[in-house]
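In: Here is a sequence together with a model predicted from it:
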Amino acid sequence: MNKSLAEITPILAANMYHDPCNKMLDTYNQHDFNACYPLLTESKTRSKGVALVSNYVSQYSSDQLPELLLDFNQLFIGPGKMKVPLWGSYYLNEDNLLCGPSTQKLQERIDALDITIRTIDDDNQPIDHISLVLRLVEFTLNENKTLELKAVVTEHLTPWAYRVAELTIEHAKTDFYLGWGLLLKDYLDVLVESNGIIVKKLNLWG
């Protein structure tokens, strides 16, 4: 199961970070998203998410890109208040401040692993952006670092990432991002269940 999770993780990370583009949509369509997306579970959440993304990309044309970009931006970027902040510290800090104590603890864990986690374009994104935390999860999955995987998921991902999935599902205006919100939730469910992880219930401020 963890092998399939490792395959999915960078795809999820990319969709929560990169602007959508015609090339990305064409790639999903050419490789038949419905057939290629790994079967983690038979859950309704997974089935609905895959169907939404698959149907969207199969009918996609380039004139839909402005609508898709608008949805990505209103969810994750702005202008105005973004609907789905993607940094753990935002949810874990009462004042929604970034780079707080939770970010520092995450950086300490990364330093202890003696690795570097950066975005592809090296834009100095705070390390607790969900795309970067997912890349850390991918590293622990690929390296079979079981204890580190459990610590990262328990302490630095699941306390707030379920909220990201929930808000994405709530606010998405296109089936593409609604589908990815559902797939993020399913991914977290499988990651937790297959690795015997207990999700911490913390006060969230977003």
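Out: Structure received.
In: Any idea how far the top helix by length along the chain is from the middle of the chain?
Out: As assigned by DSSP state H, the longest helix anywhere in the chain is helix 175-194. Its chain's C-alpha centre and that of helix 175-194 lie 8 Å apart, by Cα atoms, centre = their mean, to the nearest Å.
In: How about stretch 101-113?
Out: 19 Å.
In: Touching it from outside, list them.
Out: With Cβ atoms under 8 Å, 6 or more residues apart in numbering as the test, stretch 101-113 has contacts from 87-89, 92-93, 116-117, 126-128, 133, 136, 139, 145, 148, 151-152, 155-156. C-beta: built from backbone N, CA, C; applies to glycine.
In: What lies in contact with the helix or strand bottoming out on mean pLDDT in the chain?
Out: Using mean pLDDT, DSSP states H and E, the weakest-scoring helix or strand in the chain turns out to be helix 33-36, at a mean of 88. Contact with helix 33-36 is made by 50-51, 53-54, 57-58, as judged by Cβ under 8 Å, 6+ apart.
In: 7 Å - rerun?
Out: If you take Cβ atoms under 7 Å, 6 or more residues apart in numbering as the criterion, helix 33-36 is touched by 50, 53-54, 57.
In: ok, back up a step: please list only the buried members of the contacts of stretch 101-113.
Out: Neighbour counting with 16 or more other Cβ atoms under 10 Å marks 87-89, 92-93, 117, 126-128, 133, 136, 139, 148, 152, 156 as buried within those.
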